[in-house]
Every structure is written in structure tokens, then in C-alpha cells.
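# give me a 3D structure for the following:
(chains A and B)
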Protein chains: 2
Amino acid sequence: MSSRDKVQARRLKGFQDYHPPVMQMRYKIMDIIRDEAAKASFKAVGTPALEYSEVLLGVGGETDKQVFRFLDNGDRDVSLRFDLTVPFARYVAENQGTLNFPFKRLQIGDVWRAEKPQKGRFREFCQCDLDIVGVNSIEADMEILLCFINILGRLDIGPFTMAIGHRMILSALIERTLGIKGSEAETKALIIIDKLEKIGKDKVIAQLDEIPGAKPGGGAVLIEAIADKDPEKGTKLDKIAEILEGDTENQQVLDQLKTTVETVSELSEGNPGKIIIDLSIARGLGYYTGIGFETTIDSLPGFGSICSGGRYNKLVERYLNRELPGIGGSIGLDRLLAGLQELKKVDQDLDDQTVFIAIATDKARAQAFKLLQELRKSGLKSDIALKTNKLANQFKHANRQGYPVVVTLGDDEIANETASVKIMATGEEKKRVPQSKLVDTLKGIIKM
Amino acid sequence: MSSRDKVQARRLKGFQDYHPPVMQMRYKIMDIIRDEAAKASFKAVGTPALEYSEVLLGVGGETDKQVFRFLDNGDRDVSLRFDLTVPFARYVAENQGTLNFPFKRLQIGDVWRAEKPQKGRFREFCQCDLDIVGVNSIEADMEILLCFINILGRLDIGPFTMAIGHRMILSALIERTLGIKGSEAETKALIIIDKLEKIGKDKVIAQLDEIPGAKPGGGAVLIEAIADKDPEKGTKLDKIAEILEGDTENQQVLDQLKTTVETVSELSEGNPGKIIIDLSIARGLGYYTGIGFETTIDSLPGFGSICSGGRYNKLVERYLNRELPGIGGSIGLDRLLAGLQELKKVDQDLDDQTVFIAIATDKARAQAFKLLQELRKSGLKSDIALKTNKLANQFKHANRQGYPVVVTLGDDEIANETASVKIMATGEEKKRVPQSKLVDTLKGIIKM
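Now for the predicted structure:
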């Protein structure tokens, strides 16, 4: 092939390769999530990456614009999923007759959004979701929050904060302060409030006041109330109670929220995470109806949420003449990874427990592979020379991989049914180790 | 929402949901693959689902037509990957400066092909790939075959057969019998031979004879030679040797293939799988240059291959002025799953090791969650009532889920710091079990 026929080896903007150390960490985290989910009886589910566009679109607020959407070879209007919640609602609707409710779901999968790529934000990323569908209860809310806190507590992220808001309370506050109600104006307000962290109080207040029909000065009252936070305890609730005066329904909702947060907090004793009420949590997605939450790593201020979610009591109803309330959340695996990288917690992936077998001569090959199989069966990780060039080059390769021990087989060793063993760190050599004693010898060297 | 606004909950043709029992089995298989790969020092890698179309297309023979290809929001010509090998070649080319060759890769990921959906064939499916790149050696071939056999031997598929062919030998045979050479005519012949299983000897011979320039009668000679198989030992090699007479290069390749298969066969003693030479293996994909293999489950004749691959020595060169030969293969997770389902090996996913905590009164809730956390910390799987309706309904839910034990907490139990324990299979009840002894009591009941 001449060099002008070459294809450029390049990736799409916003898409990343996962190199071995990162991939190893991803698997480690997924395994922890699967373990905690199994302990709590969540059931793993999988759904397709592609869905009919009408199934996905029209629920996600701002996300519709960011969807990878196209006509497939059969002229069907299809889209790549932008989250795992909307396809799950479709799944529940389609399988409502056979699922045993409340149904607890685990799903780990990639999602795609054509967002502007920026640091720690990708167009393809992996979400790890836990959901409970078929019940609207404080118990379900608590179980979801608790499971996420249990998972995050096992990761190497140090102290973290889970901040819980509530869509109903926030809507009531918006109505009382700005005097606006109804989905369009309210959605506008929610989208503006969602930018609080990014653009600051003053700009948010100004933008809220510009919403058609908004009560003058209402934005300031609202924002002063919800953004007045104690870093340890969250939103100060006295101002909130004042605004909600006379609204018994929402006062009850607030009391329940307090109970939820207090109980989960008590249950999390010893966990590095804390849970607080933060009524400024608006969440960008349009489908939330009850609690909403976001989780941040304390030592990475401004980094954004690594675990978010909320209650969506109307989502399954889109497809069904039946009420099936749900609550769920996701750990953003790639955001979390970006966080761990920032915290320097992603190690090199060295094979420091792997035995390497060097092959000195062609004649030794078959026996070398036989030993390889024996080592693996005994539980020892082991690799073998795949390029039987000079022994020195085989040792160089072993060294670069970080292998701690090299076993060499040549004609001499084959004749004596022995092997030579070299400990790479010290250079120490053991000659003529009987092949029958090799596994024991190696297990004495490798720290397993 | 009125019912005419409803969106139909439907999936795209050829795409499937994975329900919990299937998903559990998928994870079980993926864990075995990851375990064997780690033991052999393969490194996990991830690449994007979407790539520039030019990166993916023009290598895969028939597959180009089956690719999901579209213009993205930025008018880039993009495609969903149709396998994990071509993107891996791009990955290797892009990272050649930092990878330590020979590089051993594990990758598990979904791929998409707009094939005609049929039983056991999907438009989205998961592949589990092992590859070794950077070396062209008999050792690398053996290592790949061995690792796949080790993996498949741990799955519950019973006896299986891995059939090994060789592209170079097949090309030489095509040249000698049909008298055709060069990529276009040869590719035609390969595609026809690939259909042997599906359309039978006679049609294949007829189609081969129709290739422009083919020697009359050559098709019959070729097919009689490569398809004359012993089910235990594979292609009978005497006819092959006859055709290759005087072609020392390919006779050597054949000898090497024999050595590979014999050695791997000896190493697989005790494994339910067998490995044979089958020179009729043509493999549809255009990029193979050396050995090619397919694996079938013996008890499912006609079901097709669950693990295939081969050597691709020119693929990375598409992107690079450097030779980087490779060999690899994939386990088709969803084909394998379909096979296991056909063999009735996918069990119901029952929670028969999970404790269920029933909540009799609102007052008991906080303490019930506290016990839940204790049980989980002790390693017991445990679930809790998420709908605190009548106790009878909570028990009904526990029963449907297959939970073997239900712990009940009510006002009485709270007052005494006890719990009631019911064994579901026998109906036996233990009243007033002290909460401090609950974990021990439950561990005595649950078989862990």
C-alpha cells in the first residue's frame, strides 16, 4: 500500500479511547456497582443503543437538540440513546405485564450526546443506573439514595456531598415568589436556576426577572432563599418555610424530605459521604417530579456532579394508560474517572503479579506452553514469549511490562526437566528448578 | 396525558432488550472472559462506538453495506462500528509510539450491523475480543487459540469444535485448482466458499466454475479436497498435499498449521473442546491473511459460529508506514447466549439468597433500614419493603421474588429490640429474635 492510500488514524472530537490503566479502573468501579446492586437485589437489564426517535425525544428538556439522530438504511427515524432512563421507561411499559413491581433495575451502558466537547465532558459516556419503578414512596427514595452512597463510599474519592432538592417544592417556591405557574414559564425558570453554579446569583436573578409575567423582585427573593446554604447542612429552611406559609401540601413534602435526608444520613455513619438538602437543585432534564439529587467530590469544587437523579412519576405514563412512578439515578462513570484522574488515583497498569516464560529455542516451545497452562491452572497469572528472538530481547520485553519473574526454558532445561527462574527486581537467579516444583517456587516469589 | 398522545413503546427490528436472567448470564460470561484474559496478561481497552466512516469502511468485504452510516450534527461522515478489530487497528496506529509490542488486548463492546434480522442474528450484538498485535509468530497464534479454548471450556456449552483454516493455503489451492489469482477473482471465490455450510457442495462448485477465467472442473477438485472432512480430525490433508505439490512455501505453512493445531490440542487435554484443521474456513471479512478459525457447539449443528477470528497482518498498515501484524478473535456474546438458551442453560434469576425486610408500621421504618444496612454490611443480600401497604401484600411480593426469608419489624418488635423471622419454604416462624442476633440467625438459614 503506498503512503498516499493511507487512511488517517483519527478519532471523532469528543470521543475517547480508554487505555488499559483507565479501563482497569472502569471495570473496578463497575464491579463495585454490580456488587452493591446485587446485594440490594437490583436486577441487571440491557436495552438497545438505538431507539425510534419518537420513543426518546420530547421528554428530556434541553437534551433533544443534543441527540445523534438519523434515518437508518430502512428510512426509520432513529436516535442513539442520550440517557438510560427514557429507554428504561419504554422497557417498563413494554414489559409491564411480566415485571414484578416494585422493580429494581441496574443498567450499565454507554449514552451519546452531541454536546460541545470540553474538559471532562464527552459525546460518548457510560452511565451506571439504579432505578426503582412501580412505587411512589419514601422507602424507595431512601433505598436509592442509600445504595448510591454505599457505592460512592467504596470508591477512592474521599469525602463527597449528595445534595437533595425537590421539584414540587421548587415549583411551589417559583409560583409564590415569581408568580408564574404552568409548564412553559416554569421550565424556563428551572433551566435558569440550573445555571446557578455556572453563572452566579446575580445573573440568575436578572434572567428570572425577565421571564414574561414574573413578579418584579421575585427572582431575588427566590434565589436568596434557596441559595442561602450552610456547606455542612445545606439550604437554611426557615426562609423556605416562610415562603410556603399556608401551603400545607408542600410543607408536608418538605417534612418528608427532611425525614428522608435525616434517616439516610444516620444510616451512612462511617461513610465519607454526607447528604444535605439543597433546594437550588433544579436538574436539567424535564421529566423529574419529586426529589432530585446531585453529588460532588468535596476536594474538587467546580468539577460538577458524578452521580445524579431523581423521581420521575409521569415518565412511564408517556407510553401507557397506567401510572408507574419511578425513581432513579446514574453514576457518570467517565466523569468519575476524570475526577479520579484529577485526584491522581488512576495507577499504571503494571503486571507485577505475572510470571513471564522466555523460550530459548524452538525445541522448548511445546514444553514452555505446557508449563504456561499449568501455571494458569494453578491460579498464577502468566505470559509467554510471543516473539522468540534473542533471549535478551525477551527479557527486555518482560522488564518493560513490569513482570516480576522470568522463567526460561531452553534445550538444557528440557533435557533435565527443569527451568531457570530469574527475579527481576534483584537479578537473583535460580538454575535447574525442577519443573514439578515450579508452581510452588513461583508462588513463594509472587505476592498474591 | 390523554391516550391519543401516547407514544408507542416499541423496539427497532433486530434490536433486543436483555431481561434479568439473560443479563445475569451475560455478566457471568463476561467475568469468565475477563478472568482468563487477565490471567494471560491481556490488557482491557475501550474505543468509541462511532468513528469516521473512512476509518471503518473498505476493509470488511461484505460488511460495508451493512454499516449504520450517517452525517452527524457537524456534517461529519460517521459510522457505528461493525466489529472491534478495525477500530482496534486504528487505536494501534494512533498509539504505536506508546504501546509495548507485542500488545495483548481484551475488548468487550457492542457492534452494529444492519443485517437482515433472523433467529439468533441481531443488528446490535456484543463481541468479546482478544488480540495480539506486533508479532507474526506461531506462538501468538497458539496463545490466542489456547485462551479462547480455555474460556469456552469454562462455559456451560458442552463439547465444541474449533476449526482452523488458513487464508494463504486456501489462496494457493484456489490458484492451483481454479487457475485464478489476484484479489478480485480470489475474493469472489472466498465469498462463495464461505457459503459451503449454507448452500452445500454442489451449488458452491457450480458458482466457482462461473467465476470469469476459472479452469473448468477446478471447482470440484478444490471443494472435494477441502470439504473432505473427518469430523474428529478435520480436513484430510493428503489431497491437499497433492494439489500443493512443488509449492514448498505453502507446504511449510501447512506443516506449521499442523504443529499449531497439534500443540494446542495437547494443551487442551481435559477441555471439552477439540481443535481441528478445516481448510474450507474462508471467513467473510476481507482483512485476514493467515489462520482463520470458527467455533461451533457440537450439540447445535447448523447453529453457526460462536467464536471466530484470524490473523490480519496488513490491517494496521492501512493507517501507518509500518508493519504491525496481528491476530485475534471474538466470542459473539449474543450468539453464545442464543445457544445457551437453545440448550436451556439460562436459568430464572431468583433471589433465593436474599433476605426481605417487611415493615409493619411507619414507626418501624428507620430501624428496618438500619437492620438492612447491617445485613448488607455482613455480606447478606437483602431487600426491604418499598411499599408499606398491608403486610400480606409485602409477603406476596417477597414470595413472587423468590426470597427465602422474611424479617418483619413492627411496633412490638421495635419495643423489644427483636424481629420476627419467617422461612418461606416451610412457613416456620421465629418470633422475637433479638436484633443483635439477627445476622447470625439469618446466616444459619440462608445457604451462602
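# what's the local residue count around residue A:128?
If you count neighbours by other CB atoms under 10 Å in any protein chain shown, residue A:128 ends up with 24. From N, CA and C alone the C-beta is placed, and that goes for glycine too.
# any idea what it is bridged to?
residue A:108, residue A:331 (DSSP bridges).
# then residue A:235?
residue A:229.
# and it, what is it in contact with?
Taking CB atoms under 8 Å, 6 or more residues apart in numbering or on different chains, we find residue A:235 in contact with A:225, A:226, A:228, A:229, A:276, A:277, A:278, A:279, A:280.
# quick check: which element contains the first one?
According to DSSP states H and E, residue A:225 maps onto helix A:218-226.
# and the helices in the stretch 201-350 of chain A?
Listed in chain order, the helices of the stretch 201-350 of chain A (DSSP state H, counting those that start in this stretch) span A:201-209, A:218-226, A:237-243, A:248-267, A:333-342.
# between these, which one is closest to residue B:384.
helix A:248-267 (11.5 Å; CB to CB).
# is any part of that closest one close to chain B?
Yes: against chain B, helix A:248-267 shows contacts by CB under 8 Å from any CB of the partner chain at A:263, A:266, A:267.
# pull up the residues of the stretch 51-200 of chain A that are close to chain B.
By CB under 8 Å from any CB, the residues of the stretch 51-200 of chain A that approach chain B are A:51-52, A:54-55, A:58, A:68, A:70-74, A:76, A:78, A:80, A:90-91, A:93-95, A:100, A:102, A:104, A:110, A:112, A:114, A:124, A:132, A:135, A:137-140, A:142-143, A:146, A:150.
# any of those buried? List them.
With burial judged by 16 or more other CB atoms under 10 Å in any protein chain shown, the buried subset of those is A:51-52, A:55, A:68, A:70, A:72, A:78, A:80, A:90-91, A:93-94, A:102, A:104, A:110, A:112, A:114, A:124, A:132, A:135, A:137-140, A:142-143, A:146, A:150.
# could you list the low-confidence segments of chain A?
Scanning chain A with the threshold set as pLDDT under 70 gives A:1-4, A:60-62, A:284-285, A:448.
# and it, what are its domains?
What automatic domain parsing lists as the domains of chain A is A:13-157+A:306-349, A:159-271, A:354-445.
# just the endpoints, please. Distance across the shortest one?
Looking back up the chat, that one is domain A:354-445. The first and final residues of domain A:354-445 sit 11 Å from each other (CA to CA, to the nearest Å).
# rewinding a little: which one of the helices of the stretch 201-350 of chain A lies closest to residue A:27?
Proximity to residue A:27, assessed across the helices of the stretch 201-350 of chain A by CB to CB, is greatest for helix A:333-342 (10.3 Å).
# in the stretch 51-200 of chain A, which spans are helices?
For the stretch 51-200 of chain A, helices defined by DSSP H, counting those that start in this stretch occupy the ranges A:53-56, A:85-94, A:138-154, A:167-178, A:183-193, A:196-199.
# can you say which of those is nearest to residue A:30?
Residue A:30 lies closest, by CB to CB, to one member of the helices of the stretch 51-200 of chain A: helix A:138-154, at 10.6 Å.
# if we can go back for a sec, need the domains of chain A in JSON lines (columns: distance to residue B:297).
Formatted as JSON lines, these follow (distance: least, CB to CB, whole Å):
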{"stretch": "domain A:13-157+A:306-349", "distance to residue B:297": "23"}
{"stretch": "domain A:159-271", "distance to residue B:297": "47"}
{"stretch": "domain A:354-445", "distance to residue B:297": "23"}
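# mean neighbour count, these: which tops it?
Burial of the domains of chain A is given as mean neighbour count (mean count of other CB atoms under 10 Å in any protein chain shown); domain A:13-157+A:306-349 ranks first at a mean of 20.
# centroid-wise, who is the farthest residue in chain A?
In chain A, the residue that sits farthest from the middle, by CA atoms, centre = their mean, is residue A:415; the gap is 54.5 Å.
# a strand runs through that one, doesn't it?
No: with DSSP: H, G, I helix; E, B strand; the rest coil as the criterion, residue A:415 is helix rather than part of a strand.
# before we move on, the earlier item: and which of the contacts of residue A:235 is nearest to residue B:379?
Using CB to CB, the contacts of residue A:235 come closest to residue B:379 at residue A:276, 30.0 Å.
# touching, that closest one and residue A:165? I think so.
No: using CB atoms under 8 Å, residue A:276 makes no contact with residue A:165, being 10.2 Å away.
# which residues of the stretch 251-400 of chain A lie near chain B?
Within the stretch 251-400 of chain A, the positions lying close to chain B (CB under 8 Å from any CB) are A:263, A:266-267, A:314, A:317-321, A:349, A:351, A:354, A:359, A:365-366, A:369-370, A:373, A:376, A:379-388, A:397, A:400.
# 6 Å instead, please
Contact residues, the stretch 251-400 of chain A versus chain B (CB under 6 Å from any CB of the partner chain): A:263, A:267, A:317-319, A:321, A:351, A:354, A:366, A:369, A:373, A:376, A:381, A:383, A:386-387, A:400.
# so which of the domains of chain A is nearest residue B:64?
Of all these, it is domain A:13-157+A:306-349 that lies closest to residue B:64, at 12.0 Å by CB to CB.
# which residues are in contact with the helix holding residue A:225?
A:173, A:177-178, A:201, A:204-205, A:208-209, A:239-240, A:243, A:279-280 (CB atoms under 6 Å, 6 or more residues apart in numbering or on different chains).
# just stretch A:121-139 next, same as before
Here stretch A:121-139 makes contact (CB under 6 Å, 6+ apart) with A:14-16, A:33, A:42, A:84, A:92, A:101-108, A:110-112, A:114, A:140, A:147, A:256, A:260, A:313, A:324-328, A:330-331, A:333-334, B:48, B:386-387.
# what about the strands in the stretch 251-400 of chain A?
Taking DSSP state E, counting those that start in this stretch as the test, the strands found in the stretch 251-400 of chain A are A:273-277, A:291-297, A:307-312, A:326-332, A:354-359, A:381-384.
# what's the angle between the second one and helix A:167-178?
Read it as strand A:291-297. 100 degrees (axes from the mean of the first three to the mean of the last three CA atoms, to 10 degrees).
# tell me the neighbouring strands of strand A:291-297, and mark each as parallel or antiparallel.
strand A:160-166 (antiparallel), strand A:307-312 (antiparallel).
# list the buried ones in it?
Buried, per 16+ other CB under 10 Å, within strand A:291-297: A:291, A:292, A:293, A:294, A:295, A:296, A:297.
# in JSON lines: the helices of the stretch 201-350 of chain A, plus distance to residue A:64.
Shown next, in JSON lines, are the helices of the stretch 201-350 of chain A (distance: least, CB to CB, whole Å):
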{"stretch": "helix A:201-209", "distance to residue A:64": "21"}
{"stretch": "helix A:218-226", "distance to residue A:64": "26"}
{"stretch": "helix A:237-243", "distance to residue A:64": "32"}
{"stretch": "helix A:248-267", "distance to residue A:64": "29"}
{"stretch": "helix A:333-342", "distance to residue A:64": "22"}
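# since that was my last question, I'll sign off now.
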